[in-house]
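# any chance you could fold what I've pasted below:
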Amino acid sequence: MISRRQTLGLFAAAAATAILPAVRPARAAASEFRIGWQKNGVLALAKRRSALEKRLADRGITVSWSEFTSGPPLLEALGAGALDFGATGDVPPLFAQAAGGQLYYVGLYKGSPAASAIVVRKDSPIKTLEDLKGKKVAFKRGSSAHNVTVKVLRKAGLKPEDVEQVDLSPPDAAAAFKNGSIDAWSIWDPYLAIAEADPETHILTTAEGIVDSYSFFLANRDFTEANGQVIVDVIDELAKVGKSAQSNLDATVKELSEITGVPAEVTRVTLTRKGADLGSVSTISDAAAAYQQSLADEFYGLGILPKKLTTGDIVWRPKAS
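Have a look, this model is predicted:
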C-alpha cells in the first residue's frame, strides 16, 4: 500500500519526466503565460491553433508550452511557480495541495468515464475484478488512474493493499503491459485507445458507473491572484476551442492525430466515446468541488494522502463583474 510518508516523495520522483522552465516568482503583471500540457484534449488543440497566443496578444502576453506525460510532475512545476497553468485529472491536485503546492482549481472539463479503464491481456487468467487480488496492477501514482484503480478494487470488495501496485508512467506501463511484466494496467485515453486497438488486449472494466470523469484546469496561485482576468480569458477561449472542435469532429480527428501521432481511427475512438464533449469546458461547478472533497476524504481515509484536505480552500472563481 502507498503510505502517507511515501506520497510526500511522489512529485520529486516524477519531476524528471519533463524539462521545466526555470523556477522564478510569478509576475505582478504577466508578460508570459507558461502552460504545462499533455498530448490530448482541448489544450492540445489550442496549442496547435495558437488560440491562446491570439487571445492574449492584445495584452502583450506571450505563451510558452512545456509537455508532460502525466499530471503529478506537471502540478509540481505549477505549484512551485515554474508554470502558470495546466490541466490534469482528479487525483494530481490532491497530492499537490497536500505537498503545499501554490495552486488553484480554475476550470474543469467533464469527459467520458469510458475513456479510463483497466486492461489485461486477452489470454490473462484475470476474468473478473475479483481476480485482480494478488496481481501486479500498474498505474501512475497520484494520477486519475490511481482513483480508477481504488474505485474498481472497492467494487470488487478489495482494498489497494490486496494487489501489488506498480508505479509506472504511461509510456513505461505500455511497454511493461506489452512484455507481460505486469498483469493489469489502469490507464486513460489516448493510451487506452492505443492499447484497445491491439487484438491481444482485453478491457476488464471501464470507469463507467464507477468513477465520474472530471479533469481540471489549474493555475499557479500567485499568478491567478495577480492576473485573474487572464485566467478568465483563457478558460473562455478554451471553451470556444472545444465547442469548435466538437462541431467538426472529422477535422478534429485529423488535427489531434497529427498532434499526437496516434492513428486517426484510434483518435476517433477517443472523441466518440459515450459522453465525450470537447466543448464541456467551464469554471468550477459546485458538483465538481464536492466531488474533489469527497475524493480527498476517501484517499485520506485509505492512508493514501498524507494529510486531511479542504479542497475548497483552493477553488478559485472569477469575481462578479
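
# now the lengthiest helix in the chain: average pLDDT?
The longest helix of the chain (DSSP state H) is helix 228-247. Helix 228-247 carries an average pLDDT of 97.

# could you check the angle helix 228-247 makes with the next helix or strand after it?
Remark: after helix 228-247, the chain's next helix or strand is helix 249-260, criterion DSSP states H and E. Following axes from the mean of the first three to the mean of the last three C-alpha atoms, to 10 degrees, one obtains 120 degrees for the angle between helix 249-260 and helix 228-247.

# let me know the angle separating the helix or strand that helix 249-260 is followed by from helix 228-247.
Of the helices and strands lying after helix 249-260 in sequence (DSSP H and E), the nearest is helix 264-271. Angle, helix 264-271 to helix 228-247, by the same axes, to 10 degrees: 120 degrees.

# mind listing what's buried in helix 264-271?
266-271 (16 or more other C-beta atoms under 10 Å). To be clear about C-beta, it is placed using only N, CA and C from the backbone, and glycine gets the same treatment.

# dump those to JSON lines, plus distance to residue 159 and pLDDT.
Shown next, in JSON lines, are the buried residues of helix 264-271 (distance: C-beta to C-beta, whole Å; pLDDT from 0 to 100):
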{"residue": "266", "distance to residue 159": "34", "pLDDT": "94"}
{"residue": "267", "distance to residue 159": "36", "pLDDT": "95"}
{"residue": "268", "distance to residue 159": "37", "pLDDT": "96"}
{"residue": "269", "distance to residue 159": "32", "pLDDT": "96"}
{"residue": "270", "distance to residue 159": "31", "pLDDT": "94"}
{"residue": "271", "distance to residue 159": "35", "pLDDT": "95"}
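
# could you identify the most distant pair in those?
266 and 271 (10.2 Å; C-beta to C-beta).

# residues in contact with the closest residue in space to residue 60 that isn't next to it in sequence?
Closest residue in space to residue 60, ignoring its immediate chain neighbours: residue 31 at 6.4 Å, by C-beta to C-beta, 6 or more residues apart in numbering. Residues in contact with residue 31 (C-beta atoms under 8 Å, 6 or more residues apart in numbering) are 60-62.

# so who does the closest residue to residue 183 other than its chain neighbours touch?
Ranked by C-beta to C-beta, 6+ apart and with sequence neighbours excluded, the top spatial neighbour of residue 183 is residue 135, at 3.9 Å. By C-beta under 8 Å, 6+ apart, the residues touching residue 135 are 126, 163-164, 183-184.

# which of those ranks first by neighbour count?
residue 184 (26 neighbours; other C-beta atoms under 10 Å).

# give me the beta-bridge partners of that residue?
Residue 184 has these beta-bridge partners by DSSP bridges: residue 137.
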